[in-house]
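Student: return a 3D structure for these sequence lines:
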Amino acid sequence: MLNLQLARKYSRAIFEIAQEEDKLVEYGKELAGVQADIGSVPAAMSFLTNPQVETKAKKELLAKLFAG
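Tutor: The predicted model follows:
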């Protein structure tokens with residue numbers, strides 16, 4: 001339940017930023033790309049959704065995956 005609440009807060013914040021910058025389409029495309037990239041690697045999905053993996057390790061993986 002907490003994960004769903006956090007997801008809603010983050011998604012709302014991203015939406016508001018995109019709306020303020022008048023870049024809803026661009027943000028939508030970027031987020032879809034991130035979802036497709038992570039979704040195409042089942043091991044990454046398992047790692048990121050595993051509650052036993054520390055948040056720091058998840059952040060490090062995402063930073064490496066999307067550097068640049």
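Student: name the SS class of Gln52, please.
Tutor: coil (DSSP: H, G, I helix; E, B strand; the rest coil).
Student: measure it to Ser46 for me?
Tutor: 11 Å (C-beta to C-beta, to the nearest Å). Quick note: C-beta positions are derived from backbone N, CA and C, even for glycine.
Student: let's see the helix ranked longest in the chain as CSV, backbone CA atoms only.
Tutor: Longest among the helix segments of the chain by residue count, using DSSP state H, is helix 2-20. The C-alpha trace of helix 2-20 is given here as CSV (Å, rounded to 0.1, in the frame of the first residue of the first chain):
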residue,chain,number,x,y,z
LEU,A,2,2.8,2.4,0.9
ASN,A,3,4.5,1.8,-2.5
LEU,A,4,1.3,2.7,-4.3
GLN,A,5,0.9,5.9,-2.3
LEU,A,6,4.5,6.8,-3.1
ALA,A,7,4.1,6.0,-6.8
ARG,A,8,1.0,8.3,-6.9
LYS,A,9,2.9,11.2,-5.2
TYR,A,10,5.9,10.8,-7.6
SER,A,11,3.7,10.5,-10.7
ARG,A,12,1.7,13.5,-9.7
ALA,A,13,4.9,15.6,-9.1
ILE,A,14,6.3,14.5,-12.5
PHE,A,15,3.0,15.4,-14.2
GLU,A,16,2.9,18.8,-12.5
ILE,A,17,6.5,19.6,-13.5
ALA,A,18,5.8,18.5,-17.1
GLN,A,19,2.7,20.6,-17.2
GLU,A,20,4.5,23.7,-15.8
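Student: which residues sit against it?
Tutor: Helix 2-20 is contacted from outside by 24, 26-28, 31, using C-beta atoms under 8 Å, 6 or more residues apart in numbering.
Student: so which of these comes closest to Asp37?
Tutor: Leu31 (10.7 Å; C-beta to C-beta).
Student: who touches the helix or strand in which that closest one is found?
Tutor: Assessed by DSSP states H and E, Leu31 sits inside helix 24-39. Contacts to helix 24-39, defined as C-beta under 8 Å, 6+ apart, come from residues 14-15, 17-18, 44-45, 48, 65-66.
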